[in-house]
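Asks: whatever this is, show me its structure:
(one chain, ligands or ions: 2)
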Amino acid sequence: MLTIAVSKGRIYEDALPLLAEAGIIPVDDPKTCRKLILSTTRKDVQLVIIRATDVPTFVEYGAADLGIAGKDVLIEHGAESLYEPLDLNIACCRLMTAAHKDAPELKGRIRVATKYVKIAQSYFASKGIQAEIIKLYGSMELAPLVGLADCIVDLVDTGNTLKANDLEPRELIMNISSRLVVNKAAMKMKHEAISILLTQFEKTLANR
Ligand code: ATP
Ligand code: PRP
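Replies: Ligands and ions are numbered 1, 2, ... in the order given. You can find the predicted model right below:
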């Protein structure tokens, strides 16, 4: 049995066609069903539905053989203990700094609100900017509006969320897409099954 960890929401929706090409179609829909382990049309493959930020943990500990996670989550988690064989090119966005549209250029000692504490720390350190990082778990865009922070580090896709909150994107930190990650022990123990699956995904991606 191969277990694949996927988060509900955009990664799940974007991963479905890719999984389907490999014959993996979940029997239940996580939007309407409370099950956390989903059987699929392939008897040898099941999905576990977890929070996006928990995917690296499940795969690292071997609770899932494979997982699909954003590069943002993988870098923040520190995913050296995982194999990352494929860029699935789904859930694409940018990790950026953003500030109020009327705010001056950021310099001196600044306060930054983000859920990407490690990435933000190393980004500002690399620029020689002294940054106090304030960890938030969501709605980062609010922080500059209420005086909690001078800027944020968050994901940007269409830019609509920033615009709706009078913020503007400032600097690109990195481009983000979702990656397939594999548990290192599983890669050895279940090598054949995982290799076949990787080849199937690679073929689908090459045809896109
Ligand atoms: P958690 O549930 O663990 O807090 P989350 O709410 O951030 O995570 P999602 O919003 O589903 O989970 O995001 C999952 C991944 O999708 C992110 O890690 C990122 O790689 C990507 N992503 C996030 N926001 C966007 C976006 N607006 N456009 C495209 N991709 C995005
Ligand atoms: C993400 C991100 C931004 C928004 C950016 O939030 O944290 O708020 O998407 O997308 P945009 O540039 O297209 O507006 P998400 O939709 O995942 O909400 P959440 O952080 O509350 O889960």
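Asks: list the buried ones in the longest helix anywhere in the chain?
Replies: What stands out as the longest helix in the chain, according to DSSP state H, is helix 191-206. For helix 191-206, the neighbour count (16 or more other Cβ atoms under 10 Å) marks Ile194, Leu197, Leu198, Gln200, Phe201, Thr204, Leu205 as buried. In short, each C-beta sits where N, CA and C put it, glycine included.
Asks: hmm, Glu84 and Glu60 touching each other?
Replies: No - judged on Cβ atoms under 8 Å, Glu60 makes no contact with Glu84 at a distance of 12.0 Å.
Asks: quick check: buried residues in stretch 56-63?
Replies: Taking 16+ other Cβ under 10 Å as the criterion, stretch 56-63 shows Pro56, Thr57, Phe58, Val59, Glu60 as buried.
Asks: ok, stretch 168-185 near ligand 1 or not?
Replies: Yes - against ligand 1, stretch 168-185 shows contacts by Cβ under 6 Å from any ligand atom at Ile176, Ser178.
Asks: for that stretch, list the C-alpha coordinates in PDB.
Replies: Taking C-alpha atoms only, stretch 168-185 is exported to PDB below (Å, rounded to 0.1, in the frame of the first residue of the first chain):
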ATOM      1  CA  GLU A 168       1.200  46.500  -2.500                       C
ATOM      2  CA  PRO A 169       3.700  43.800  -3.300                       C
ATOM      3  CA  ARG A 170       7.300  45.000  -2.700                       C
ATOM      4  CA  GLU A 171      10.000  42.400  -3.200                       C
ATOM      5  CA  LEU A 172       9.900  38.900  -4.600                       C
ATOM      6  CA  ILE A 173      11.500  36.400  -2.200                       C
ATOM      7  CA  MET A 174      10.900  33.300  -4.300                       C
ATOM      8  CA  ASN A 175       8.600  31.600  -6.800                       C
ATOM      9  CA  ILE A 176       6.500  28.800  -5.300                       C
ATOM     10  CA  SER A 177       4.900  25.700  -6.700                       C
ATOM     11  CA  SER A 178       3.900  22.400  -5.100                       C
ATOM     12  CA  ARG A 179       6.400  19.500  -5.000                       C
ATOM     13  CA  LEU A 180       6.100  15.700  -4.700                       C
ATOM     14  CA  VAL A 181       8.000  14.600  -1.600                       C
ATOM     15  CA  VAL A 182       9.000  11.100  -0.700                       C
ATOM     16  CA  ASN A 183      10.000   9.400   2.600                       C
ATOM     17  CA  LYS A 184      13.600   8.300   2.300                       C
ATOM     18  CA  ALA A 185      13.000   4.800   3.800                       C
END
